[in-house]
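>>> build the 3D model from these lines:
(2 chains)
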Amino acid sequence: DAGITQSPRHKVTETGTPVTLRCHQTENHRYMYWYRQDPGHGLRLIHYSYGVKDTDKGEVSDGYSVSRSKTEDFLLTLESATSSQTSVYFCAISLIGTSGDYNEQFFGPGTRLTVL
Amino acid sequence: KNQVEQSPQSLIILEGKNCTLQCNYTVSPFSNLRWYKQDTGRGPVSLTIMTFSENTKSNGRYTATLDADTKQSSLHITASQLSDSASYICVVSGGNDMRFGAGTRLTVKP
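Sure thing, here's the model as predicted:
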């Protein structure tokens, strides 16, 4: 998985509790992304980062926040988890941004989150 | 609205047979189109990438084609193997937008 780890790999939590997912890369790629994957939907972008402390919202950012204090780590936080946030979350990295011609993204193994 | 539609949703074939997966998109402007393979419980892995000027790209038994005029792409798998069982995802980029299809779930049976 291209030097990308995600933790935890599985988590079950209750509605209303805060949850933080971690993505760690050893590739020194500038761009990092958080996606969610749900049945019947393509991967949807939650937030992305284009450098340390530089982040921006994606298509489905409501209810999520992110932080990037180091090049290698990108954290996704659900401030107060809801059942609609039950999903599989993927982190991805890339050398160049979305607008580049060969903007290949490399994905982590995913985190399966269940909110009861 | 930028969208990517894949068909069929699922497909079952016998080992050794060929198959073709389809991807139609409305993303504009267009920059590139990629096909990813996603094994169960794993993250997607890139198979091919094509820009506007490329209309075919191969990676072993996988061959992708692109018709930028009709905004269609296909992924052809030759002599399928059990290990080809996976979801195949079409991803289209344009400007600052990147859209993922919902994927085709391929099952190869012995």
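
>>> any idea which element the residue positioned nearest the centre of chain A lies in?
Nearest residue to the geometric centre of chain A (Cα atoms, centre = their mean): A:Trp34, 2.3 Å. Taking DSSP states H and E as the definition, one finds A:Trp34 inside strand A:31-37.

>>> how about residues contacting whichever strand or helix holds A:Leu75?
A:Leu75 is part of strand A:73-78, with elements assigned from DSSP H and E. Residues outside strand A:73-78 that contact it (Cβ atoms under 8 Å, 6 or more residues apart in numbering or on different chains) are A:18-25, A:32, A:34, A:46-47, A:49, A:63-68, A:85, A:89, A:91. Any C-beta I mention is one placed from the backbone N, CA and C, and that applies to glycine too.

>>> if we go to 6 Å?
Strand A:73-78 has contacts (Cβ atoms under 6 Å, 6 or more residues apart in numbering or on different chains) with A:19-24, A:32, A:34, A:49, A:65-68, A:85.

>>> stretch B:57-68 now?
Residues outside stretch B:57-68 that contact it (Cβ under 6 Å, 6+ apart) are B:33, B:35, B:47-48, B:50, B:52, B:55-56, B:73-79.

>>> mind redoing it with 7 Å?
B:30, B:33, B:35, B:47-48, B:50, B:52, B:54-56, B:73-79 (Cβ atoms under 7 Å, 6 or more residues apart in numbering or on different chains).

>>> now the end-to-end length of it.
Start and end residues of stretch B:57-68 are separated by 14 Å (Cα to Cα, to the nearest Å).

>>> and for stretch B:54-66?
Using Cα to Cα, the two ends of stretch B:54-66 sit 7 Å apart.

>>> and it, how far out from the chain middle?
10 Å (Cα atoms, centre = their mean, to the nearest Å).

>>> what mean pLDDT would you report for that stretch?
The average pLDDT within stretch B:54-66 is 95.

>>> now the strand holding A:Leu75: average pLDDT?
Mean predicted lDDT for strand A:73-78 stands at 98.

>>> ok, stretch A:28-43 next?
Per-residue scores along stretch A:28-43 average to 93.

>>> how about it and chain B, touching?
Yes. Applying Cβ under 7 Å from any Cβ of the partner chain, one finds stretch A:28-43 in contact with chain B at A:Gly40, A:His41, A:Gly42, A:Leu43.

>>> what is the neighbour count of the last one?
It refers to A:Leu43. Other residues near A:Leu43 come to 28 when the count uses other Cβ atoms under 10 Å in any protein chain shown.

>>> pretty sure it is touching B:Arg99, no?
No. Using Cβ atoms under 7 Å, A:Leu43 is not in contact with B:Arg99; the gap is 9.3 Å.

>>> which parts of stretch A:13-30 are buried?
A:Thr13, A:Val19, A:Leu21, A:Cys23, A:His24, A:Gln25, A:His29, A:Arg30 (16 or more other Cβ atoms under 10 Å in any protein chain shown).

>>> typed the wrong thing, it's stretch B:22-37
B:Cys23, B:Asn24, B:Tyr25, B:Val27, B:Phe30, B:Ser31, B:Asn32, B:Leu33, B:Arg34, B:Trp35, B:Tyr36, B:Lys37.
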